[in-house]
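Peer 1: Any chance you can model this:
(2 chains)
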Amino acid sequence: MTTVTTRYPEVWRKRSLRETVIGWLWTAAVAAAAVWSVSMLDIEWAFFADAHEQAIDLAQRMWPPRWSYLSVIVAPLIETIHIATIGTAIAVVFSVPLAFLAARNTTLNGFTWAIGRALLVASRSVNTVIWGLIFVAIFGPGPVAGIAAVAARSVGFLAKLVAESIEEADRGPVEAIESTGASTGQVYLLGILPQVMPVLIGTTVYRWDINVRESSVLGFVGAGGIGLHLYASINQFAWQQVLIVLAAILVIVLLSEALSAYIRGRIT
Amino acid sequence: MSSTAYPSHWRPPPAFFGNRRRYWIFMAGVVAYFVWSLSTLNINVDRMLAGIPRAWDILVRMMPPDFSRTQLLINGMLESVQMALAATLVGALLSVPLAIAAARNLAPRPVYLAARGFIVVGRTFHEIIIAIFFVKLFGFGAVAGLLTLAFASLTFLGKMLAEDIENVRMGQIEAVRATGAGFAQIIVFSVVPQVLSRTVGVLIYRLDANVRHSTVIGIVGAGGIGQTLSASFSRYDYDFAAAILLSIVALVALGEWFSDWVRRKLR
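Peer 2: Okay, here's the model as predicted:
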């Protein structure tokens, strides 16, 4: 009788003792990381005291919105979308050869593969806005720097996903075209490219809608688009204009997201 | 005679468009778009060409990268990582109630709509725009950055978690409810076990994303390495900027590797 009660406890427990201890250790480690992070940031807690007053003050200054400003920002809004679209288009052109270079089965040798991978990492690790900072230093302020920044960041994004799909491409069509005596270039163009086309188009459209969102802030570093007007309005404390700009950004980002989702839905 | 019926050259059929006419209409549309957009953008070709020697000049001045201001570099990077870590945790804690409110199968309809609206609007704005407002409310520095990343994590994690909660199997919820469990007990014993492993994966992914974003929000004064980078660019201090850029690339690559590693282990 006693042996049965020890083997089968009266109360059901979700975890064994060992699992509980490990769980608590993980929680403690995460808590320690949080405490360490927050304590090292030397936070000025006094700022928290009047934050809600500041927020109410800001909201009052924003109302009513200055509708007349809407006519001023139509052109910059269109410019924002152009920056995203042209930047994405340039990125597509460069990403296809880069993807073939960075895919293990189509690259020339280990060295070119390493170069391809390094370019992918460099392009993807630097944020669009930081690319903007660099290209403003090169081309001067304006939409050209913004287009270059969007393209520089998107190349790595597109090429990485296309390279993965090249590595997973079906060998059948490739061998079929090889057996007709086609050159390597023809094999890539007719055997592999059609297979990765859906991925290329899908990721391009997806990246385009991310780029519309990114382009909305490129103006902060002088790289063109609506961000320039947002930044100027904030610096002039013209909060009634800021509200209009934010509403406009909300609309174009939501529209581009909906369009992108619709196109991707039609493809797959 | 019959050679006219069979062309001696094979032409690949155009993908996606069905026939050649639709393909050309699409291409004409693309060309028309570029003509229109490039004409409105007011691009100065001379200035673009002048940029090429300038790019070379900047590149030369970036070499070799100047890692001598180690303290400044380490402090900035450390602050970015700390902001990312703390923001992920704050965002994760706040996202749980938001996700429950935004799950169609758990929340009443008005609550669901309000929570979804909050998520949609919150996710629309770029981190830098959110950072401006937190800088206005909390002053320059890491607090604004921490809150920005926490807000961005909250809406992202809230969305992902809400979708996972909507996909849970109702059978287990009913089974736990049949034992007489309350709302909180249903969440803890039937919802949490179903969504936990995926949520940890998403959380790690978000930590990685926060590390990336923490390097950029400093441009509007929200702390981290971005502030140092932006300052070095405006002082034409390109060799230090190159050192910062290389450090960011290394940090982001490390974060991505860590995130991939953890998510592979979870699967």
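
Peer 1: Please enumerate the helices of the stretch 151-267 of chain B.
Peer 2: Per DSSP state H, counting those that start in this stretch, the stretch 151-267 of chain B carries helices over the ranges B:170-178, B:183-186, B:192-214, B:225-234, B:238-266.

Peer 1: If you count neighbours, what's buried in the last one?
Peer 2: This points to helix B:238-266. B:238-245, B:247-249, B:251-252, B:255-256, B:259, B:262-263 (16 or more other C-beta atoms under 10 Å in any protein chain shown). (Glycine included, C-beta is placed from N, CA and C.)

Peer 1: Please spell out which residues along the longest helix anywhere in chain A are buried.
Peer 2: The helix that spans the most residues within chain A, counting by DSSP state H, is helix A:70-102. Residues A:73, A:76-92, A:94-96, A:98-102 are the ones in helix A:70-102 that count as buried (16+ other C-beta under 10 Å).

Peer 1: and the angle for the helix or strand following it with helix B:238-266?
Peer 2: Next in sequence after helix A:70-102, counting helices and strands by DSSP states H and E, comes helix A:110-125. Angle of helix A:110-125 versus helix B:238-266, following axes from the mean of the first three to the mean of the last three C-alpha atoms, to 10 degrees, is 100 degrees.

Peer 1: How about the helix or strand that helix A:110-125 is followed by and chain B, any contact?
Peer 2: Heading C-terminal from helix A:110-125, the first helix or strand you meet, by DSSP H and E, is helix A:128-139. Yes: against chain B, helix A:128-139 shows contacts by C-beta under 8 Å from any C-beta of the partner chain at A:129-130, A:133-134, A:137-139.

Peer 1: Now do helix A:128-139, average pLDDT.
Peer 2: On average, the pLDDT along helix A:128-139 is 89.

Peer 1: Dump it to CSV, restricted to CA.
Peer 2: C-alpha atoms of helix A:128-139 as CSV (Å, rounded to 0.1, in the frame of the first residue of the first chain):
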residue,chain,number,x,y,z
THR,A,128,18.6,51.0,-44.9
VAL,A,129,18.9,54.3,-43.0
ILE,A,130,22.6,53.7,-42.4
TRP,A,131,23.1,52.9,-46.1
GLY,A,132,21.3,56.3,-46.6
LEU,A,133,23.8,58.0,-44.4
ILE,A,134,26.6,56.6,-46.5
PHE,A,135,25.0,57.4,-49.9
VAL,A,136,24.2,61.0,-48.8
ALA,A,137,27.9,61.4,-48.1
ILE,A,138,28.6,60.1,-51.6
PHE,A,139,25.8,61.6,-53.8
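
Peer 1: Report the contact partners of residue B:139.
Peer 2: Residues in contact with residue B:139 (C-beta atoms under 8 Å, 6 or more residues apart in numbering or on different chains) are A:44, A:47.

Peer 1: no wait, residue B:168
Peer 2: By C-beta under 8 Å, 6+ apart, the neighbours of residue B:168 are B:105, B:190-191, B:194-195.

Peer 1: Filter these to keep only those in contact with chain A.
Peer 2: Okay, of the contacts of residue B:168, nothing touches chain A (C-beta under 8 Å from any C-beta).

Peer 1: Weed out the non-buried ones from the residues you listed.
Peer 2: B:190-191, B:194-195.

Peer 1: Nearest to chain A among those?
Peer 2: residue B:190 (11.8 Å; C-beta to the nearest C-beta).

Peer 1: check contacts around the residue nearest to residue A:230 when sequence neighbours are not counted.
Peer 2: Once flanking residues are discounted, residue A:230 sits nearest to residue A:245: 4.7 Å by C-beta to C-beta, 6 or more residues apart in numbering or on different chains. Contact analysis of residue A:245 by C-beta under 8 Å, 6+ apart lists A:69, A:73, A:226, A:229-230, A:233.

Peer 1: Nearest to residue B:122, out of the residues you listed: which one, please.
Peer 2: Distance to residue B:122 across the contacts of residue A:245 (C-beta to C-beta) is lowest for residue A:230, with 17.2 Å.

Peer 1: Pretty sure residue B:128 is one of the things that closest one touches, is it not?
Peer 2: No: checked against C-beta atoms under 8 Å, the pair residue A:230 and residue B:128 is beyond contact range at 9.6 Å.
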